[in-house]
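[1] give me a 3D structure for the following:
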Amino acid sequence: MLVLAGMLLVAAYPVNIIVILVLYLCGLIDLTYAKLPLFRHRVFNSFGSRHIPTKRREAYFRGYKRITLGAAFNLLTLVHYSMMAPWP
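    Numbers count the residues shown, from 1 in each chain. Down below sits the predicted model:
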């Protein structure tokens, strides 16, 4: 059932773009929220979750999961529309 819903979401033109953008935006908001204490201490280039406070690590990982899910939907959408394009 979940696979069918995903396939319908990929095929629905205006809805799939909106869902992809919302996933990217929510992931970016989660990452910004998780790294806000680092930005306040003027640490702009930290990698990994080691420097992030333990209370905000869940938002950090959730942000990357949402961005990955948005990228997967984006790839599926590109594959779907490239298969529909006529061959020269």
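[2] remind me which helix or strand residue 75 belongs to.
    helix 57-84 (DSSP states H and E).
[3] show me which residues of that helix are buried.
    The neighbour-count check on helix 57-84 (16 or more other CB atoms under 10 Å) flags 59-60, 62-63, 66-67, 69-70, 73-74, 76-77 as buried. In this view, the C-beta of every residue, glycine as well, is placed from N, C-alpha and C.
[4] so which of those residues comes closest to residue 41?
    residue 60 (16.0 Å; CB to CB).
[5] quick check, that closest one in contact with residue 36.
    No. Using CB atoms under 8 Å, residue 60 is not in contact with residue 36; the gap is 10.9 Å.
[6] contacting residues for the closest residue to residue 30 other than its chain neighbours?
    Spatially, and ignoring its direct neighbours in sequence, residue 30 is nearest to residue 63 (3.1 Å; CB to CB, 6 or more residues apart in numbering). Counting by CB atoms under 8 Å, 6 or more residues apart in numbering, residue 63 touches 26-31, 33-34.
[7] which of these count as buried?
    Buried among the contacts of residue 63 (16+ other CB under 10 Å): 26-27, 30-31, 34.
[8] now those residues in JSON lines, with pLDDT?
    Output for these, formatted as JSON lines (pLDDT from 0 to 100):
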{"residue": "26", "pLDDT": "97"}
{"residue": "27", "pLDDT": "97"}
{"residue": "30", "pLDDT": "96"}
{"residue": "31", "pLDDT": "94"}
{"residue": "34", "pLDDT": "94"}
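[9] mind listing which of those residues are in helices?
    Judged by DSSP state H, the buried ones among the contacts of residue 63 include 26-27, 30-31, 34 as members of helices.
[10] right, I'll leave it there.
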